[in-house]
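# here's my sequence, what's the structure:
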Amino acid sequence: MFDSLSERLRKTLDNLTGRGRVTEADVDAAMREIRLSLLEADVNFKVVKDFVARVREKAVGAEVLGSLNAGQQVVKIVHDELVELLGAGDRTFHLQGNPAVIALVGLQGSGKTTSAAKLAKYLVKQGRRPLLVAADPYRPAAADQLETLGRSLDVPVHRAPQGTPVVEIAKGGLEAARRLVRDTVILDTAGRLTIDEELMAEIAAVSDAVKPVETLLVVDAMTGQEAVAVAEAFKDAVPLTGLILTKIDGDARGGAALSISAVTGLAVKFMGTGEKTDALEVFHPDRLAGRILGMGDVMTLVERAQEHVDADQAAKMEDKLRKNQFTLEDFLEQIQAVQKMGPMGQLMGMIPGMGGMAKQAQEAVDRGELKRVEAIIRSMTPRERRDPGVINGSRRRRIAAGSGTGTSDVNRLIKQHAELQKMMKQLSGGGRRAALGAMTGRR
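Numbers count the residues shown, from 1 in each chain. Modelled structure (predicted):
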C-alpha cells in the first residue's frame, strides 16, 4: 500500500543525507517534495500541512543546519513526526471483564467478519478462550461465513434463529460464553452500505446491553479519505475505543492509514495484512514508520519467523550451512518456510536498507520465479537434490522438461548452488549472509 509513497520519501530523504551539510533552502525543497508525496498518497490536507510545518520547525529551529550529519538528523525528525502522526490515541487493547466483550462495528464490506476470526486467532495465541457471536442477521450467509471460519480455528460460534433482534443475539452470546466458560466474546455486528440512523441506534443499543470493553471500528484502508469520514461519523454516534485497518496489503495510496488517527484521535490497534486468519498485526506506529521510510521492521520480521519457522529446524539448517552441507532439498525447505511468513515484498520491506527492493521482490514472486525454482528442484531425483554434481546434460534436459522451464534456468540454479558451496568453504559463520545473497542471485 505504501510502495509509491515510500519510494518518493526515500528519494527525497536520500538526497538530504547525501549532501552532508544542509541549508535552509535544502530543507524547504525537501519539505515541498514531502508535502506533494503525502498529498498524492491521499493524506488529509490539514494533516499534511501540520506535519510539514512541525518537521520544518524542528529541522530549521534546532541546531541541525550546518552540522556534519544534518541530513540524518532531518530524517530522524521526519521519522519521529511520522510515529507521532500514526500513534494518536490510546493503543492499549483492553480485555477486562469475564467475559471481556469486544464489538466490531463498521460498514458492509469493510472486513468485519474476517477481522473477527483473525482477532479470535490472535486471542487464542495469547492464551484466551474466545467465543465468536454472529450478530449480523441482515447480510445473507454472514452467520454461515463466521461459523465456517470458527470451525477452521476450532473456536465456537454463537448464532441465533433467524429473526432474533440484534440486542438479543448479543445478550445470548454473553450467556453462551459463561455457559461454555469462554473468557472473551467477539461480536460481529451488522453493517450497512452507508451510514444511517438506524445502524447507529442499533449499535448504541448493543453497546448499552452488553457493555463492550472494546468497540473497534473496522475500516477498509483501500477507501482512502472516505475511511476517515466513516470513522468520524461512527465516533460521533458510538463510544469507539479504536480501529482495525483492513486491506493494508492492497494497492491503494495509503492516505487513510496515515490520516485516520490524527483526524479522529482514535488509535489504530490492529491492521489486517492479508486474507488468511493469521494476517492480523498489532499496530506499532514506529514499525510502520520504519517501513515507510525504508528503515525496515526487524521486530515484526523476527516475530513472524518465530511464529512460522521451527526453531530446531532452523538450528539444523544453520549447522548444515556451517558444515557446507546445504543441499537443494534444504533450499526448497527454506523457500517454503519463507513463503509461510507472508508476501515476499512485505518481508523485504521489513529488512533495513532493503525497502527499495520490496517492489521488485514481489514482482519476481508474481512472475513465478520462486515457483519456477521450486518446480526445478521437485523435478530432480533425491540423489540430484543432494548432489547436483551428478546432473549431466541429459539430466538437465529431463529436469527442464519435467519442470516446464528451460535448461538455462536449471543451469542458473545449479550454478548458484555451486557458488554457495564455494563460499561456505571460504567463509566462517559471519559469511552466511553473503552466502544467502549468492543463493538469491544478489551480490
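# what about the closest residue to Asp278 other than its chain neighbours, helix or strand, and which?
Setting aside the residues directly before and after it, Asp278 is nearest to Lys121 in space (C-beta to C-beta, 6 or more residues apart in numbering), at 6.0 Å. All C-beta atoms are positioned from the backbone trio N, CA, C, and that covers glycine. Lys121 is part of helix 112-125, with elements assigned from DSSP states H and E.
# ditto for Val185
strand 184-189.
# after that strand, next one along is what?
According to DSSP H and E, the helix or strand after strand 184-189 is helix 197-210.
# and the next helix or strand past that following helix?
In N-to-C order, the element after helix 197-210 by DSSP H and E is strand 214-220.
# can you give the contact residues for that following strand?
With contact meaning C-beta atoms under 8 Å, 6 or more residues apart in numbering, strand 214-220 is reached by 93-95, 100-107, 109-112, 115, 207, 227, 230-231, 234-235, 238-247, 256, 260, 266, 269-270.
# okay, now the domains of the chain?
Using automatic domain parsing, the domain ranges for the chain come out as 3-86, 100-292, 301-439.
# make JSON lines out of those domains and add mean neighbour count and mean pLDDT.
Conversion of the domains of the chain to JSON lines gives the following (neighbours: other C-beta atoms under 10 Å; pLDDT from 0 to 100):
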{"stretch": "domain 3-86", "mean neighbour count": "17", "mean pLDDT": "79"}
{"stretch": "domain 100-292", "mean neighbour count": "20", "mean pLDDT": "88"}
{"stretch": "domain 301-439", "mean neighbour count": "16", "mean pLDDT": "71"}
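# picking that back up, centre of the chain to the helix holding Lys121, how far?
15 Å (C-alpha atoms, centre = their mean, to the nearest Å).
# quick check: which helices or strands does that helix pack against?
strand 100-105, strand 130-135, helix 142-153, strand 184-189, strand 242-246, strand 268-272, strand 280-282 (3 or more C-beta pairs under 8 Å, 6 or more residues apart in numbering; DSSP states H and E).
# what's the angle from the second one to helix 197-210?
Strand 130-135 runs at 140 degrees relative to helix 197-210, counting by axes from the mean of the first three to the mean of the last three C-alpha atoms, to 10 degrees.
# strand partners of strand 130-135, parallel vs antiparallel please.
strand 157-158 (parallel), strand 184-189 (parallel) (DSSP bridges).
# what does the first one give?
Listed by DSSP bridges, the sheet partners of strand 100-105 and their directions read strand 184-189 (parallel), strand 214-220 (parallel).
# between these, which one is closest to Ala142.
strand 184-189 (7.3 Å; C-beta to C-beta).
# other residues contacting the closest one?
With C-beta under 8 Å, 6+ apart, strand 184-189 has contacts from 95, 99-105, 112-113, 116, 119-120, 123, 128-136, 142, 146, 166, 170, 173-174, 177, 202-203, 206, 210, 212.
# mind redoing it with 7 Å?
With C-beta atoms under 7 Å, 6 or more residues apart in numbering as the test, strand 184-189 has contacts from 95, 99-105, 112-113, 116, 119-120, 123, 128-136, 146, 170, 173-174, 177, 203, 206.
# what's the answer for stretch 191-208, then?
Residues contacting stretch 191-208 (C-beta under 7 Å, 6+ apart): 103, 105-108, 110, 112, 136, 166-167, 170, 187, 189-190, 215, 230, 233, 237-239.
# from what I can see Val48 touches Leu36, true?
No: with contacts counted by C-beta atoms under 7 Å, Val48 stays clear of Leu36, the gap being 9.3 Å.
# relative to Asp28, which of the strands paired with strand 130-135 is closest?
strand 184-189 (48.2 Å).
# hey, what's Glu217 bridged with?
Heads up, residue 217 is Leu, not Glu. What pairs with Leu217, by the bridge criterion (DSSP bridges), is Val105, Leu243.
# now do the contacts for the closest residue to Leu146 other than its chain neighbours.
Spatial nearest neighbour of Leu146, excluding adjacent residues (C-beta to C-beta, 6+ apart): Ala134 at 4.7 Å. Applying C-beta under 7 Å, 6+ apart, we find Ala134 in contact with 142-143, 146, 157-159, 188.
# among those, which two are most distant?
Ala142 and His158 (13.3 Å).
# okay if I get the strands paired with strand 100-105 as TSV plus distance to Gly87?
Listed next are these as TSV, based on distance: least, C-beta to C-beta, whole Å:
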stretch	distance to Gly87
strand 184-189	25
strand 214-220	17
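# secondary structure element for the residue of the chain lying at maximal distance from its centre, which one?
What lies farthest from the middle of the chain is Ser394; by C-alpha atoms, centre = their mean that is 44.6 Å. Assessed by DSSP H and E, Ser394 sits inside helix 393-403.
# distance-wise, check the residue positioned nearest the centre of the chain relative to Asn98.
Geometric centre of the chain, nearest residue: Thr273, 3.8 Å, by C-alpha atoms, centre = their mean. From Thr273 over to Asn98 the distance is 31 Å, taken as C-beta to C-beta, to the nearest Å.
# packing partners for the one helix or strand Ala177 maps to?
In this assignment (DSSP H and E), Ala177 forms part of helix 166-179. Contact partners of helix 166-179 among helices and strands, from 3 or more C-beta pairs under 7 Å, 6 or more residues apart in numbering; DSSP states H and E: strand 130-135, strand 157-158, strand 184-189, helix 197-210.
# how about these, which one is nearest Asp28?
Per C-beta to C-beta, nearest to Asp28 of the helices and strands packed on helix 166-179: helix 197-210, 45.2 Å.
# between the strands paired with strand 130-135, which one is closest to Gly402.
strand 157-158 (45.1 Å).
# quick one: residues in contact with the closest one.
131-134, 146-147, 150, 172-173, 176.
# equivalent analysis for stretch 110-128, please.
The contact list for stretch 110-128 (C-beta under 7 Å, 6+ apart) reads 102, 104, 106, 130, 132, 142, 145-146, 149-150, 153, 155, 183-184, 186, 188, 191, 218-220, 244, 246-247, 272, 277-280.
# again with stretch 141-156
113, 116-117, 120-121, 124, 130-132, 134, 136, 157, 159, 180, 188, 277.
# about what we covered before: and the helix holding Ser394, what does it pack onto?
Partner elements for helix 393-403 (3+ C-beta pairs under 7 Å, 6+ apart): helix 369-378, helix 407-426.
# work out the gap between the shortest one and the centre of the chain.
Its chain's C-alpha centre lies 26 Å from the corresponding centre of helix 369-378 when counted by C-alpha atoms, centre = their mean.
# after it, which helix or strand is next? Please name it.
helix 382-386.
# could you list every helix and strand that that following helix packs against?
Going by 3+ C-beta pairs under 7 Å, 6+ apart, helix 382-386 lies up against helix 328-340.
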